[in-house]
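[1] Sharing a model that was predicted from the sequence below.
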Amino acid sequence: MPCYACRSPRGRRVFCMPQRFYVTTPIYYVNDKPHIGHAYCTILADVAVRAHRLLGDETYFLTGTDEHGQKVQEAAAKRGIDPQAHCDELHAAFKSLWPQLLCAPDQFIRTTEPRHKAVVQRALARLYERGLVVPREFEGWYCVPDERFWTEKELAGGNCPTCGRQVVRLKEKNWFFLMGQFQQPLREAIQSGAIAIHPASRANEVLGFLDKPLQDLCISRPKSRLSWGIELPFDPDYVTYVWFDALLNYATAVGFLDADPPTDGAQWPEPRLAGDGNFDGWWPHVAHFLGKDILTTHAVYWPTMLMGLAQAFDRPIDAWLPRRFVATGWFLVDNTKMSKSLGNVVSPLGLAERMGPEVLRWFVLREMVVGLDANFSEEAVLRRNNVELANDLGNLVQRTVALVEKWFGGRVPPPSGSEPTTPAQKAVREVAELLLRPATAADVADPVWTGDRLAPATVTIRSFRLHRLAADGLALVGRLNELIQHDAPFRTVRDNPAAAAQTLYCALEGLRIAATLLQPILPASAPEILRRIGAGETLIALPDLRWGQLAPDSPVAGGAPLFAKYEPAVAPALATQVQPPASATPPVAESLAPPPEVLVKVEAVRPDVSIDQFGALDVRVGTVTLAEPVPKSSKLLRLLVDLGEAAPRQILSGIAESFGAGELVGQQVLVLANLAPRKMMGLQSHGMVLVSEDALGRRVLVQPARPVNPGAGVR
Ligand code: MSP
């Protein structure tokens, strides 16, 4: 059946039809406690799952722990305990963390579970029988921490090319999976989109890797060197390479090669193939979320393993391709790599306990463009909490509900008509309807979403640009705040209650849509907002969500502020150690006044200039037609600004920390148009956008009070 909106046939890219969505996170090593990097990946996957459910999809969410291999064996040895006892203890730190961050996986898998061992052994036995796993005498450079062999050519300055540490020369017999023979089919699968890698730049990285001959993969480790692993079914002197074991978890979890456990001493029963469990139902819908550092293992080893297995089990080699990968960037802390030795490892639990899990969820979704690196700083967490959650969203709910309680008996006031009557109402309505509109064929043709217009939420979600969900929801909240400010219902209500009713209905209705869109990120507060504004707690799925569904006369409910504000001086230390200090200062109670520690920077008075000197500056009004992040830069946005010239100008602006790219499109800005062109991050910038700074240090656009023609001069 074709998608009803974009007419795309099912089986190709279908944006609008409900689908299945099987999402996985990497399984985390149990050699250490969880940190914010782990939390980011799981939170992102959780947001994706909830967002897909909002689209009406049937979802399944898997996470777990990676418990074999050298790292874990060493961690256990350091503690002087048995590896299994170590795993039993440490896996719990991960398992119990997720509910505390409001992440709700459907399954938590451990690679030491007997059912997983059985799958790994069955897979290996079949590959061996069919000649796809063979023994070889091998000599190479071995990186102990990464547990990987490298060829001479692959070394970087004589060291491991991934971690930079020293390698040792090792010669031994090992077992190899004939990965090299799947190089061409893998390349074709990526090029044709049968395997999609997001963001697209990462797909190019993998294709670049595949330009070099693909080596066969060493999938064993001699027990003499490493005993903590799954024994090879055909050679008891060896255990399985940890990545071969770990990657299979994604398939084990949904019933791949399922079989009843063998009774003592019995032969392995012939595995039941896909179709007997629910593997066939979920596998075509899999999306693997992972960090950029483990892209090769996922996008090269894993698909080729599945091609080999399909071949060994007499299926077409593309029968079990992993369909989608979403490679995320890394969190730095205060612009430095997190490390225990620097003592800057951020505990997600510490943060969630002090400020609430939703602050963490909101922060990571706002701060990190999916696929790019981002920076964690205490100051940025506080700013996003105080400004975006507490002020922009929380206060808006509070004020709107309070007005309805005071002037309309606590019931949703009826709008005087179905059409907006003021420009501010029109602006709210426009943004809401843009976000809710179904995907069009053009959207489907441009799934990467170049960002020159507000994306419909369906496209945002299906193209994994989940940071946009936060930014676009916040853009709607911004329009709602402008609505209250411009239409001023608290003033008009005395003389024109019908006008105030119309404004407040629009505010409540806009809030209902914003809360629904933000529910995947704020799964506790969003239903509470819906309850307070009289919309009930039940979510309406996106395909059915329309403007005007809020029933007039429904009771609203006031309550305590939704989000606490924190003052920098007394805010709890967030970026400390994994183990938070026991005597941390508790958060101060919320305060609606701006934080007292506000520093307004007053620029020093500069020497006088003549009017001619001022006239030499060509300042003009422009309209932003495109805004997007600059890869590898946390500060810069790339803008296209229409200055009334033949083509919009490219301007790089250091405002990424203060604006989501989605907020800027359509805005008018002042541009210093004759600033000498400058190259930043490899891109030319032809001008400068003029900004000021608010009391919290956020950049604020300097704009004309009314729209003017692009290119209009400033005197
Ligand atoms: N066990 C393997 C994954 C096997 S999946 C079949 C592993 N585990 S890990 O615990 O080391 O890392 C898990 C994930 O955390 C990876 O995706 C990694 O990119 C991510 N992160 C680790 N540090 C990170 C940051 N500082 N920031 C964001 N994510 C980072 O690799």
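    Structure received. Here the structure is a predicted model, which means the values were calculated and not measured.
[2] Spell out the secondary structure type for R399.
    Put simply, R399 is helix when judged by DSSP: H, G, I helix; E, B strand; the rest coil.
[3] now T492
    Here T492 is helix, with the state taken from three-state DSSP.
[4] swap in Q184?
    Here Q184 is helix, with the state taken from three-state DSSP.
[5] just checking, N385 touches M355?
    Yes. Here N385 reaches M355: they are 6.5 Å apart, a contact under CB atoms under 8 Å. Just so you know, the C-beta spots here come from the backbone N, C-alpha and C atoms, and that holds for glycine as well.
[6] okay, and the common contacts of the two?
    564, 566 (CB atoms under 8 Å, 6 or more residues apart in numbering).
[7] Spell out which parts of the chain neighbour the ligand.
    Residues of the chain lying near the ligand by CB under 6 Å from any ligand atom: 26-29, 37-38, 40-41, 66, 246-247, 290-291, 293-294, 330-331, 338.
[8] Whichever of the residues you listed end up buried, select them in PyMOL.
    Here is the PyMOL command that picks out the buried ones among the residues of the chain next to the ligand, judged by 16 or more other CB atoms under 10 Å:
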select buried, resi 26+27+28+29+37+38+40+41+66+246+247+290+291+294+330+331+338
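[9] Go through the residues of the chain next to the ligand and flag which are in strands.
    28-29, 66, 290-291, 331 (DSSP state E).
[10] Among these, give me the pair with the biggest separation.
    Farthest apart among those by CB to CB are D66 and F331. That separation is 19.8 Å.
[11] Looking at the ones in strands among the residues of the chain next to the ligand, spot the one nearest the ligand.
    The closest of those to the ligand turns out to be G291 (CB to the nearest ligand atom; 1.7 Å).
[12] Kindly state the beta-bridge partners for the closest one.
    T328 (DSSP bridges).
[13] what are the ranges of the strands in the stretch 201-350 of the chain?
    Here the stretch 201-350 of the chain has its strands, by DSSP state E, counting those that start in this stretch, at 217-218, 220-222, 231-232, 235-240, 286-291, 324-328, 331-333.
[14] ok now the third one, how far from the chain's centre?
    Offset of strand 231-232 from its chain centre (CA atoms, centre = their mean, to the nearest Å): 36 Å.
[15] What is that strand packed up against?
    If contacts are counted by 3 or more CB pairs under 8 Å, 6 or more residues apart in numbering; DSSP states H and E, strand 231-232 sits against helix 114-129, strand 235-240.
[16] where's the shortest one relative to the chain centroid, distance-wise?
    Distance of strand 235-240 from its chain centroid, counting by CA atoms, centre = their mean, is 38 Å.
[17] What are the contacting residues of that strand?
    Counting by CB under 8 Å, 6+ apart, 68, 120, 124, 135, 174-175, 219-224, 226-232 sit against strand 235-240.
[18] Mind giving me the PyMOL command for buried ones among the residues you listed?
    Remark: buried members of the contacts of strand 235-240, expressed as a PyMOL selection using 16+ other CB under 10 Å:
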select buried, resi 68+120+124+174+175+219+220+221+222+223+226+228+229+230+231+232
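[19] now the helices: where do they sit in the stretch 51-200 of the chain?
    70-79, 83-95, 97-100, 114-129, 183-192, 200-209 (DSSP state H, counting those that start in this stretch).
[20] which one of the ones you listed has the lowest average pLDDT?
    Ranked by mean pLDDT, these bottom out at helix 70-79, which scores a mean of 90.
[21] Quick one: name whatever helix or strand follows the helix or strand bottoming out on mean pLDDT in the chain.
    Least confident helix or strand, the chain: helix 441-445 with a mean of 69, by mean pLDDT, DSSP states H and E. The first helix or strand that comes after helix 441-445 along the chain, using DSSP states H and E, is helix 457-462.
[22] tell me the mean pLDDT for that following helix?
    On average, helix 457-462 scores 92.
[23] Over to stretch 41-54?
    Computed over stretch 41-54, the average pLDDT equals 98.
[24] Now that stretch - C-alpha only, CSV.
    Extracted C-alpha coordinates of stretch 41-54, given in CSV (Å, rounded to 0.1, in the frame of the first residue of the first chain):
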residue,chain,number,x,y,z
CYS,A,41,23.5,6.9,23.1
THR,A,42,20.8,5.2,25.2
ILE,A,43,18.8,8.4,25.7
LEU,A,44,18.9,9.1,21.9
ALA,A,45,17.7,5.6,21.2
ASP,A,46,15.0,6.0,23.8
VAL,A,47,13.9,9.3,22.2
ALA,A,48,13.8,7.6,18.8
VAL,A,49,11.7,4.8,20.1
ARG,A,50,9.2,7.1,21.8
ALA,A,51,9.1,9.3,18.7
HIS,A,52,8.4,6.4,16.4
ARG,A,53,5.6,5.3,18.8
LEU,A,54,4.2,8.8,18.4
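[25] Show me how far that stretch is from its chain's centre.
    8 Å.
[26] hey, where'd the strands end up in the stretch 551-700 of the chain?
    619-629, 637-642, 649-653, 668-672, 678-680, 683-685, 688-689, 691-693, 699-701.
[27] Dump the ones you listed to TSV, plus mean pLDDT and mean neighbour count.
    Converted to TSV, the strands of the stretch 551-700 of the chain look like this (pLDDT from 0 to 100; neighbours: other CB atoms under 10 Å):
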stretch	mean pLDDT	mean neighbour count
strand 619-629	90	21
strand 637-642	92	23
strand 649-653	94	23
strand 668-672	94	21
strand 678-680	90	12
strand 683-685	92	16
strand 688-689	94	21
strand 691-693	84	13
strand 699-701	82	16
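[28] List just the one of those that sits closest to P303.
    strand 619-629 (28.5 Å).
[29] Any idea how far that closest one is from the middle of the chain?
    26 Å.
[30] next one: stretch 244-257
    24 Å.
[31] Use 166 as the first number for this chain going forward.
    Yes, from this point I'll number from 166; that puts the last item at stretch 409-422.
[32] Just the CA trace of that stretch, in PDB.
    C-alpha atoms of stretch 409-422 as PDB (Å, rounded to 0.1, in the frame of the first residue of the first chain):
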ATOM      1  CA  PHE A 409      32.200 -11.400  16.700                       C
ATOM      2  CA  ASP A 410      30.400 -12.400  19.900                       C
ATOM      3  CA  ALA A 411      29.100  -9.000  20.800                       C
ATOM      4  CA  LEU A 412      27.700  -8.000  17.400                       C
ATOM      5  CA  LEU A 413      25.600 -11.100  17.300                       C
ATOM      6  CA  ASN A 414      23.700  -9.900  20.400                       C
ATOM      7  CA  TYR A 415      21.400  -7.800  18.200                       C
ATOM      8  CA  ALA A 416      20.200 -10.900  16.500                       C
ATOM      9  CA  THR A 417      20.200 -13.200  19.500                       C
ATOM     10  CA  ALA A 418      17.800 -10.800  21.200                       C
ATOM     11  CA  VAL A 419      15.100 -11.300  18.700                       C
ATOM     12  CA  GLY A 420      15.400 -15.000  18.200                       C
ATOM     13  CA  PHE A 421      18.100 -15.600  15.600                       C
ATOM     14  CA  LEU A 422      19.100 -19.200  15.300                       C
END
